[in-house]
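K.L.:
Make a model of this:
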Amino acid sequence: MGIGAGKIFENHSSDNRLKKLLIISPYFAPVNTADMQRVRMSLPYFYECGWEPTVVTVNPDDTDLPTDALLSENIPSDVKIYWVKAFSKKWTSKFGLGSIALRSLWFYKQKVNQLLKAEKFDLIYFSTTQFPVLILGAYWKKKFKVPYVIDMQDPWFSTYYQDKPKAERPAKYWFSHHLDKYMEPVALKNADGLISVSQGYLDTLNERYPMLKSVPQQVITFGAYQEDFDLVQKKWRAFELPFQKDENLIHLVYIGRGGYDMKDAVTLLFDGFKKGLTYQYDDFKNLRFHFIGTSYAPAGTGVKTIQPIADEMGISEYVEEQTDRIPFYQGIFLLLNADGLLVIGSNDQQYTASKIYPYILARKPLLAFLHKQSSAAKIIQECGAGKTISINEESATEKVRIALYSLRSTRLSPETNWNKFEKYSARNLTKQQCDLFDKILNN
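P.N.:
Residues are numbered from 1 along each chain as shown. Below you'll find the predicted structure:
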């Protein structure tokens, strides 16, 4: 067992009124992944909402992803964290079983069995995109009579890539597609509640599994966590930029994954930029676009999906893509040092950009390319935090040119409505999670 390091929070474990929450998150701090951020940012607020959290995660030594020690700093010191093992990827990858969920499944079963035999938990909370581990929810519910809730941060079984060329499909797509098709019903049909970052995800699941319509469910986006920015300011000298910043240039930054589903957004951005170069060269020649951390592949092995578009369009000298992921707090440092920020969205209308809150908290000029149905677009517009351009809109190239010209000419921070933004704070969204947990127990 490990205890999360960092700030000292009041210990509430003696409060008999607290309900006990067992959180399953294969990736967790200090591993730097997007799918553990909801849990990390919620942990400081579960107690005040009447829930005592315990986290079960995979030992960082058994993952192949980068770590960021600072991710553990804001975890309450009295949160219990248990680490389980995972079979070595060196051996399992020979059988096509490289995912952390599949490699840790047996160890999760053993460890959580021990915990559920030793003490009573009121609810099991799966918050992860490592979906195969979710099938254990049905097993534990049957064996120990403990209900479980699933946080759907991404689609699990999806037909999105079915009509896409083989080159645009994820690695080992055939295997994962058929595995997901079998596993998803096992986990979803027995779930007692659902949380999702997208209404579209919930709609798909309710249509696929009609029995879910009777269980508590809610769209809850990731939360905004100002404490992360405070930590970066405190340790400012510990960070460095992943590129050489030239004060004579205007550096526009995007941090996050690339992929073929983002081609429409990237192409629209570059079309608008090229139009600016053609008609206002002196105003656009100093723009530089930096795409950082675009691949989940191990360092040095990622395949570029954005630079080839720039190459094909003849603007290579203005665009840089670095596939290697950077530490989480270095990413915040980069946002704070950029002249402007770009949000690149998927052409899948269900996609929601979980990174949107750090972008807003950075208080920088913001230009977002999103599907018109994206929840991220609605949040930006509601709070006045930046400019959004729909990737589905015809003849949007001129809008992009105007937006880029405005961004490079003013460099002013957006006039964000922070009162409206407050409802997206990690504290408020943790309360929404706990309200749903209470509904599950009372359902």
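
K.L.:
for the stretch 251-400 of the chain, what are the low-confidence residue spans?
P.N.:
Applying pLDDT under 70 to the stretch 251-400 of the chain flags residues 349-354.

K.L.:
Just the strands from it, written as ranges.
P.N.:
Secondary structure of the stretch 251-400 of the chain (DSSP state E, counting those that start in this stretch): strands at 287-292, 319-322, 340-344, 366-370, 387-390.

K.L.:
which stretch among the ones you listed comes nearest residue 137?
P.N.:
Closest to residue 137 of those is strand 366-370 (CB to CB; 31.9 Å). Backbone N, C-alpha and C define where each C-beta goes, glycine included.

K.L.:
Paired strands for that closest one, with orientation please.
P.N.:
The strands beside strand 366-370 in its sheet (DSSP bridges) come out as strand 340-344 (parallel), strand 387-390 (parallel).

K.L.:
Include distance to residue 19 when you put the ones you listed into CSV, please.
P.N.:
What follows is the strands paired with strand 366-370, written out as CSV (distance: least, CB to CB, whole Å):
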stretch, distance to residue 19
strand 340-344, 37
strand 387-390, 39
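
K.L.:
Please identify the most buried of the ones you listed.
P.N.:
Burial of these is given as mean neighbour count (mean count of other CB atoms under 10 Å); strand 340-344 ranks first at a mean of 24.

K.L.:
what does it rub up against?
P.N.:
Here strand 340-344 makes contact (CB atoms under 8 Å, 6 or more residues apart in numbering) with 250-254, 256, 258, 262, 265-266, 269, 289, 291, 335, 353, 355-356, 359, 362, 364-370, 376, 380, 386, 407-408, 411.

K.L.:
buried subset of those residues?
P.N.:
Using 16 or more other CB atoms under 10 Å as the burial test, the contacts of strand 340-344 include 250-254, 256, 258, 262, 265-266, 269, 289, 291, 335, 353, 355-356, 359, 362, 364-370, 376, 380, 386, 407-408 as buried.

K.L.:
quick one: which of the contacts of strand 340-344 sit in helices?
P.N.:
265, 266, 269, 335, 356, 359, 376, 380, 407, 408 (DSSP state H).

K.L.:
Report the two of those separated the most.
P.N.:
376 and 408 (23.1 Å).

K.L.:
returning to what we had before: the strands of the stretch 251-400 of the chain: which one's closest to residue 51?
P.N.:
Smallest distance to residue 51 across the strands of the stretch 251-400 of the chain (CB to CB): 32.2 Å, for strand 340-344.

K.L.:
Tell me who's in contact with residue 232.
P.N.:
Residue 232 neighbours (CB under 8 Å, 6+ apart): 239, 329, 332, 333, 336.

K.L.:
Next SSE downstream of the longest strand belonging to the chain?
P.N.:
For the chain, the longest strand by residue count, based on DSSP state E, is strand 51-58. Later in the chain than strand 51-58, the nearest helix or strand by DSSP states H and E is strand 80-84.

K.L.:
Each with direction, which strands does that following strand pair with?
P.N.:
Looking at strand 80-84 with DSSP bridges, its partner strands are strand 2-3 (antiparallel), strand 51-58 (parallel).

K.L.:
can you list the ones you listed in TSV and add distance to residue 145 and mean neighbour count?
P.N.:
TSV is the format used below for the strands paired with strand 80-84 (distance: least, CB to CB, whole Å; neighbours: other CB atoms under 10 Å):
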stretch	distance to residue 145	mean neighbour count
strand 2-3	28	12
strand 51-58	18	22
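
K.L.:
Quick one: closest of the ones you listed to residue 234.
P.N.:
Using CB to CB, the strands paired with strand 80-84 put strand 2-3 closest to residue 234, at 22.1 Å.

K.L.:
How is the chain partitioned into domains?
P.N.:
What automatic domain parsing lists as the domains of the chain is 2-223+425-442, 227-422.

K.L.:
List the contacts of residue 441.
P.N.:
By CB under 8 Å, 6+ apart, residue 441 lies in contact with 19, 122, 123, 147.

K.L.:
Cross those residues against helices and list the overlap.
P.N.:
Per DSSP H, the contacts of residue 441 never map to helices.

K.L.:
Neighbour count, pLDDT and distance to residue 316 added to those, as CSV?
P.N.:
What follows is the contacts of residue 441, written out as CSV (neighbours: other CB atoms under 10 Å; pLDDT from 0 to 100; distance: CB to CB, whole Å):
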residue, neighbour count, pLDDT, distance to residue 316
19, 17, 97, 56
122, 17, 98, 56
123, 20, 98, 52
147, 20, 98, 54
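
K.L.:
nearest to residue 277, of the residues you listed?
P.N.:
For the contacts of residue 441, the nearest to residue 277 is residue 123 (55.3 Å; CB to CB).

K.L.:
check contacts around the closest one.
P.N.:
Listed by CB under 8 Å, 6+ apart, the contact partners of residue 123 are 19, 20, 21, 22, 146, 147, 148, 149, 192, 437, 440, 441.

K.L.:
What distance do you get for it to residue 195?
P.N.:
According to CB to CB, to the nearest Å, residue 123 and residue 195 sit 12 Å apart.

K.L.:
Overlap in contacts, these two.
P.N.:
By CB under 8 Å, 6+ apart, the residues touching both residue 123 and residue 195 are residue 149.

K.L.:
Any idea how many residues pack against residue 144?
P.N.:
Counted by other CB atoms under 10 Å, the residues lying close to residue 144 total 15.

K.L.:
which element is the closest residue to it other than its chain neighbours on?
P.N.:
Spatially, and ignoring its direct neighbours in sequence, residue 144 is nearest to residue 116 (4.4 Å; CB to CB, 6 or more residues apart in numbering). Secondary structure from DSSP H and E places residue 116 in helix 100-118.

K.L.:
and the angle for that helix with strand 51-58?
P.N.:
Per axes from the mean of the first three to the mean of the last three CA atoms, to 10 degrees, the angle that helix 100-118 makes with strand 51-58 is 130 degrees.

K.L.:
Need the pLDDT of the residue nearest to residue 425 when sequence neighbours are not counted.
P.N.:
In space, and not counting its chain neighbours, residue 425 is closest to residue 224: 5.3 Å by CB to CB, 6+ apart. What the model reports as pLDDT for residue 224 is 94.
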